[in-house]
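S.K.: Prediction below, plus the sequence it came from.
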Amino acid sequence: MKVLSVVSAALLVSCVCSLRVPRLKPVLSLTSLTTVKGTPEECKTCIEFAGQSISTLLNAILQEEVDACGDLCQILVDKTGKKALGAVCTILCDIVGIKEFINAINKADFDPIYLCELIPVCPINDNGDATFTMLEVTPKKGPQGEFDIGFEFVSKNGTGTGELAIDIATVDGIPVGDAFLNMESPPGTYPGTIKLDAEPNPDCDPTQGPCENWQPGQYIVTLAICNGECGSKHPHSKVYDTKKTTFEITDN
């Protein structure tokens, strides 16, 4: 198998673990998660690549007849202007060949993790499990600012390649959430922290979408850990566990 890590540095965004489109000012960031040493960079790089490229590749396949890896990946470069994406595309496509690569893109249907399992670059564990043993916010009550969302999960059989998905029910009903890559791990206990920047974003443009102002009141945090993408109906996907907690934003 060809090594992907040689080009991975050019693909990293503000948080390598984030699986959703990065904001101008990130609201949520995974700052710590105890993982296994030697986590394959190939899988991380593939998922990061797929998250940025799968839509463009799908459109290219639908609009043009492509019969070579180089041709498809050059279209990706032309559409995005990113040569690093083209380089990873060529490596992944060469692993399975153009026909299987196109089949994998079509089957994945905007699911980066499943695409990278089909190629295959990311490991699969359909017998995995995970249960949250702790979820708490620090401080529990306080003014607008930074909050630490601490969590811990235990796995008896290990986990498959998947994600941690967090959603926050806000006072004004504006959805706030993100998802972070959780690599395949053996049985064990895994603590982590997600930082929440609960302050109005000065870069948020209300003409482009609603802006969260973090009004005083109670906020509900829901954290899920999943095999594959949370909510996916594809093979090798399931929700292991979810847990909820609350915190309160005060006037001062």
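M.R.: The structure has been received and is ready for your questions. All values reported here derive from a predicted model rather than from experimental measurement.
S.K.: just the strands in the stretch 51-200 of the chain please.
M.R.: 131-138, 141-142, 145-155, 162-169, 176-182, 188-198 (DSSP state E, counting those that start in this stretch).
S.K.: Mind checking the pLDDT average for the third one?
M.R.: Think strand 145-155. Throughout strand 145-155, pLDDT has a mean value of 97.
S.K.: What helices and strands are in contact with that strand?
M.R.: strand 131-138, strand 188-198, strand 217-227, strand 238-249 (3 or more Cβ pairs under 8 Å, 6 or more residues apart in numbering; DSSP states H and E). From N, CA and C alone the C-beta is placed, and that goes for glycine too.
S.K.: tilt between that strand and strand 131-138?
M.R.: 170 degrees (axes from the mean of the first three to the mean of the last three Cα atoms, to 10 degrees).
S.K.: Kindly report the same for the last one.
M.R.: Computed with the same axes, to 10 degrees, the direction of strand 188-198 lies at 30 degrees from that of strand 131-138.
S.K.: Show me what strand 188-198 pairs with in its sheet, parallel or antiparallel.
M.R.: Using DSSP bridges, strand 188-198 pairs in its sheet with strand 28-33 (antiparallel), strand 145-155 (antiparallel).
S.K.: which residues sit against that strand?
M.R.: With Cβ atoms under 8 Å, 6 or more residues apart in numbering as the test, strand 188-198 has contacts from 25-35, 130, 133-134, 137, 144-155, 164, 166, 168, 180, 214, 219, 223, 249.
S.K.: Please pick the buried ones from those.
M.R.: The neighbour count (16 or more other Cβ atoms under 10 Å) marks 27-30, 33, 35, 130, 137, 144, 147, 149, 151-153, 155, 164, 166, 168, 180, 214, 219, 223, 249 as buried among these.
S.K.: got a pLDDT number for the nearest residue to Val176 once chain neighbours are set aside?
M.R.: Spatially, and ignoring its direct neighbours in sequence, Val176 is nearest to Ile168 (4.4 Å; Cβ to Cβ, 6 or more residues apart in numbering). Ile168 is assigned 97 on the pLDDT scale.
S.K.: next one: Thr34
M.R.: If you check Thr34, the pLDDT there is 53.
S.K.: Could you count how many residues lie near the residue nearest to Gly142 when sequence neighbours are not counted?
M.R.: Excluding its sequence neighbours, the residue lying closest to Gly142 (Cβ to Cβ, 6+ apart) is Thr250, at 6.2 Å. Using other Cβ atoms under 10 Å, Thr250 has 11 other residues around it.
S.K.: Test my guess that Ala130 contacts Asp241.
M.R.: Yes - counting by Cβ atoms under 8 Å, Asp241 is a contact partner of Ala130 at 5.7 Å.
S.K.: between those two, what contacts are shared?
M.R.: 153, 225.
S.K.: before we move on, the earlier item: in contact with the residue nearest to Val176, which residues are there?
M.R.: 176-177, 196, 219-222.
S.K.: I'd like to know which of those residues are buried.
M.R.: When the contacts of Ile168 are checked for burial by 16+ other Cβ under 10 Å, the buried set is 176, 196, 219, 221.
S.K.: can you redo those as JSON lines with pLDDT and distance to Cys89?
M.R.: Converted to JSON lines, the buried ones among the contacts of Ile168 look like this (pLDDT from 0 to 100; distance: Cβ to Cβ, whole Å):
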{"residue": "Val176", "pLDDT": "94", "distance to Cys89": "32"}
{"residue": "Leu196", "pLDDT": "96", "distance to Cys89": "34"}
{"residue": "Tyr219", "pLDDT": "98", "distance to Cys89": "40"}
{"residue": "Val221", "pLDDT": "98", "distance to Cys89": "37"}
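S.K.: All good on my end, thank you.
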